[in-house]
Structure formats: structure tokens, C-alpha cells
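>>> quick one, what's the 3D model for this:
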Amino acid sequence: MHGLGGSKETWGEFPKLIENDEAFRDFDFSIYEYPSSIVSVKDIVSPFSKLLSIFIPPSNLPSIQEIAEGLRSELRIRYAEYEEIYLVTHSMGGLVARKYLIDALKDDATTLRIKKLLLYAVPNNGSDWAELSRLYEHKQIKQLAKKSDFMTLLNKENRFYKLEEHLDVLYVVGLQDAVVDEHSALGYWGNTQYESLHKGHMDIVKPKDKNDLSYLLFRKFMGNENLSVTKSNEAKKTEKLKETPFLKNIQTILTSKRLITLFSQDYKEIRSEQELLKQKMQAMFKENFHHLRIPRVKNNEAKYFELLAKDCAFDASVRSVDAWHREVSTKLSQKPHEKLFFYITDIEHGDEVQNRNFAELIRSLQSEFGNFYAIFVGKRKLASLVYGKDAKLSPLKDIAQKMFFEELEDNMNMQDIRQVLLDLKANGENVCAFLDDEVQVTWDYYSTSVLNTLFWRNLMVNVNDYYQWRDEMTKELAREIFGCDEDVV
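Numbering: from 1, shown residues only. Now for the predicted structure:
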């Protein structure tokens, strides 16, 4: 997918290199084109008119949202038979892909066929060049500006529908790119899934030959060899970290308690630790290990439990909480000396009512069978199932061992912090009373307090069982946004 003003010519030798590469003999390749002209020169014959057209932007250009809708139709109709699709994008094309993917995740993450996304020189946080060109009144250029409504909304949505949790994403930075700066191409602060090339904005997607770094990077990420490299690296990392105190502690607690709820705050990078824990549990429980991903299904018990059943290779008729209980109870009763383990993730995506029903099911199984084990991984929504004040709303209360992932990297930047505070203010919250160092409030896993919201959104931390701001800069930003008078506070 090309960018602004691009076409199939954007990709230079890419198509030919892919066609002649044995690594892609089982792949089909296609280029998605869309209207994105920068100037209105097409079909104009008069030299004077051509000169004048440079100052007049094309009319009737689609917005980035409309291009994403077109991509959705293209994939649904033209490529309906493909189970796996990889997207390779340049510049604005990456924003089109991101918008399409976020909208797809809103609908149903379980049906997503996009497995990899490669972003060459994409202005994920906008472009200064577009900012300077806003007076040109070009619809797409205006959307590329750093403070445009489109860019603000896209990145706000991305905080709730993180692409990296659903597919492999690689960001490619052009160190000589005069159009998209490094910060924008990286996407977000703390991102580790990126590569940097000594290329400009256009030649970064015009490899000269098969040994060009732009193509080698593409080949490694998209080709089959990437799978073996990834597995090899993960295997080494697991081997290195499998006896860490944290993993050993989880293993010890799981043996005695049989049920663990494992938490992380927003903006904490848990993928690596989560994968290591998963591999550790797979090694312990072998064929009796099941990874259950809570589906994005609203107000539909049958669909919710049917999708969970697929993760366990249950019969398709297991479509209710009662049917689930019968199915699992039968398995546990028939083989009382074998341990059954559920590794449960994505609880934040699930329907609140069905999450509660499922948690009550887990509680029942844990109480009835000594050979049943489970670990939940989640954030604030999981905390509501474990530590709410009303026992009816907290089916996991008092039976689960509560833990947090240890020493996680924080990928939050000041823009993220500002947005969280602005959202709170828009919802009528006020934090001024908590900016005084003399005010100390006992920390809690889950409550309706704004402090609890600040904690799970990673603006506050737990220090000796008291809420504390993450740093002084965050406090000052809160004071500024909420208009707090320091003397009054």
C-alpha cells in the first residue's frame, strides 16, 4: 500500500524481487492503489493550466477513513478465500492500514486475518511537512498534520486497540527521511519493534537488488525464515529466564493455590513476559495446557462460549456456561490424576456479564476439583472480578492469589499522560485534592475512586500500599490541566 501521491511505481523493484524469490513461492502478491494525487495535473494539456494546477489541490479525494473502508471491501470481496494476509505499507498507506485494523478489532478481533504489518516511514504521529502544507487545503495532507483531528483520534483509539497484541508489527525508520521524523516513524515512546535504515522517505521502499537492506528486512519479517528466527530467539530467552525468581514464585504459588490473577497497568509492555510465562506453563502441563483468549463479543452468551470452546478444542455445541461446566467437569472427573490448566488472557476485551459468568465457572471448578489450575492475565477489568467490594461482582474474590508482573518496561510518553488527564477532566473528574504531598490514601486493587483510575492508567503507582504520583512532571501537568491552585490545595 503506497502513500500520499504514490502508485504501484512507489515500490520500484519490490514486485520483481518478490516474484523471483523462492522464499515467497507460496505467496500471492498484490498492490492496493487508491486516489492520492498531490496536484491536479492529470489530463491537462495547456502548459499554463498545468502551472496553475500546482496551486489547486485535487478535488473529491477520499479521506484516510474512506480509503480504509475501501481496503475493507477489497479484502472482504477480492481476497475472501485467504486465511492469512500480510500488509506492507509506505507513509500514509500505513495510516490507512492502522485505521482499517482498529476498525476491524472493534468489530471482532477473533476474525482478523491480518497477521503481519510492516510500516515503512509511516507518520504515525503526523508530519511537520504536512503541518507546513495545511494552507494548501489538500484533504489528505491536512489529515497528516500532527495536531489534526484524524491523527489525534487514531492514536487515542490505538491506546485501547493495541495492534501489537493481535498481530506482528514492525516499524521502519528512515534516518535520512526529511518528511517523517524518527519519533513519528517509531509510533510511540518505548517501542522496541523497529529497525532503522540509512534511507530517505522514498528510497526506503525502492530496493536496488535482493541484497538491499530494505528488501532484506522485508524478507526476514515477511518470509518463512522469520518464523524460525523468532522461535529460536524466544527459545533462547526462555532458556535464559525460565528460572527467574518471578517465574519460580508463580510455579510455587500455582502448586498450592491453583488459581492466580496476574495484573499489569496500562502502557506496561507485558508481551515478552507473558510469552515466557505461557511457555513455562506449556512445559508444565503439556497436552493439558489450554490458552483461552476472551473474545470481543457483546451480549451474546452462545458466541462467547463457542469461541472459548475453540481454544480448548471442545465440541461446537458447548455454547453456554452450563455446557462449559459439564464439559470441563467430565474431563476432570474422568482423569482425576491428570492436571488441567487454563491460561486466560484478553479479559479486558470481554463482555462484563459474560466475564463474570466465566469467572464464576472458574471459581466453581477450582472449588470442586483438585486437579484444575488456572492463571488469569489482565488489568482493571480483571481486578473488578477479584477485588470488588460486592462479592456478587467479584466471583474470584478470596480464592485467587493476586500478583503483578514484575519490573515491566513503561512505554508511556507525555502525550499519553496528557490524554489520560484530559479524558478524566472531560468525564467530570478532579484530581486537585490529591496533588498535596500531605494527602495520603491507602492503595486498593479496585475501587470507583479517581485514584484507582489513575493507578490502572499508570499515572499513579503503589508505594508501601499508598497511592503516589508516578513523577513530579505528571503532577505538574495535572495541576496545569485541572487548573489547580497550589495555595488552595
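>>> distance of residue 482 from residue 421?
7 Å (C-beta to C-beta, to the nearest Å). Using the backbone N, CA and C atoms, a C-beta is placed for each residue, glycine as well.
>>> can you report how many residues lie near residue 423?
Neighbour count for residue 423, taken as other C-beta atoms under 10 Å: 14.
>>> next SSE downstream of the helix or strand where it lies?
Following DSSP states H and E, one finds residue 423 within helix 414-426. Later in the chain than helix 414-426, the nearest helix or strand by DSSP H and E is helix 450-456.
>>> returning to that earlier point: mind listing the shared neighbours of residue 482 and residue 421?
Among the neighbours of residue 482, those also in contact with residue 421 (C-beta atoms under 8 Å, 6 or more residues apart in numbering) are residue 431.
>>> more neighbours: these two, which one.
residue 421 (22 against 16).
>>> contacting residues for that one?
431, 459, 477-478, 481-482.
>>> what does stretch 147-158 contact?
With C-beta under 8 Å, 6+ apart, stretch 147-158 has contacts from 63-65, 95, 98-99, 102, 124-126, 130-131, 142-145, 415, 419.
>>> ok, of these, which come out buried?
Among the contacts of stretch 147-158, those scoring as buried are 64-65, 95, 98-99, 102, 124-126, 130, 142-145, 419 (criterion: 16 or more other C-beta atoms under 10 Å).
>>> of those, closest to residue 332?
For these, the minimum distance to residue 332 (C-beta to C-beta) is 39.5 Å, reached by residue 102.
>>> what residues are up against that closest one?
Going by C-beta under 8 Å, 6+ apart, the list of residues near residue 102 reads 154, 157-158, 161, 163.
>>> would you list those residues in a markdown table and tack on pLDDT, secondary structure and distance to residue 184?
Shown next, in a markdown table, are the contacts of residue 102 (pLDDT from 0 to 100; DSSP: H, G, I helix; E, B strand; the rest coil; distance: C-beta to C-beta, whole Å):
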| residue | pLDDT | secondary structure | distance to residue 184 |
| --- | --- | --- | --- |
| 154 | 90 | helix | 12 |
| 157 | 84 | helix | 17 |
| 158 | 80 | helix | 13 |
| 161 | 78 | coil | 20 |
| 163 | 87 | helix | 16 |
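>>> tell me the one among those residues nearest to residue 332.
Using C-beta to C-beta, these come closest to residue 332 at residue 161, 35.6 Å.
>>> how close does the closest residue to the closest one other than its chain neighbours get to residue 477?
The spatially closest residue to residue 161, leaving aside those adjacent along the chain, is residue 105, at 4.4 Å (C-beta to C-beta, 6 or more residues apart in numbering). As judged by C-beta to C-beta, residue 105 and residue 477 stand 29 Å apart.
>>> those two - which one has more neighbours?
A count of neighbours by other C-beta under 10 Å puts residue 105 above the other of residue 105 and residue 477, at 23 against 17.
>>> next up, phi/psi of that one, please.
Main-chain dihedrals, residue 105, degrees, to the nearest 10: phi -70, psi -30.
>>> show the contacting residues for it.
112, 161, 163, 166, 296.
>>> run the last query once more with 7 Å
By C-beta atoms under 7 Å, 6 or more residues apart in numbering, the contact list for residue 105 reads 112, 161, 166.
>>> strands of the stretch 301-450 of the chain, start to end?
340-345, 372-378, 401-404, 409-410 (DSSP state E, counting those that start in this stretch).
>>> CSV please, covering these and showing distance to residue 273, mean pLDDT and mean neighbour count.
Below are the strands of the stretch 301-450 of the chain laid out as CSV (distance: least, C-beta to C-beta, whole Å; pLDDT from 0 to 100; neighbours: other C-beta atoms under 10 Å):
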stretch, distance to residue 273, mean pLDDT, mean neighbour count
strand 340-345, 12, 94, 21
strand 372-378, 10, 94, 23
strand 401-404, 11, 90, 16
strand 409-410, 10, 70, 13
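>>> would you convert the ones you listed into a markdown table that also reports distance to residue 74?
Formatted as a markdown table, the strands of the stretch 301-450 of the chain follow (distance: least, C-beta to C-beta, whole Å):
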| stretch | distance to residue 74 |
| --- | --- |
| strand 340-345 | 31 |
| strand 372-378 | 35 |
| strand 401-404 | 43 |
| strand 409-410 | 37 |
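>>> does residue 2 touch residue 93 like I think?
Yes: using C-beta atoms under 7 Å, residue 2 is in contact with residue 93, at 5.4 Å.
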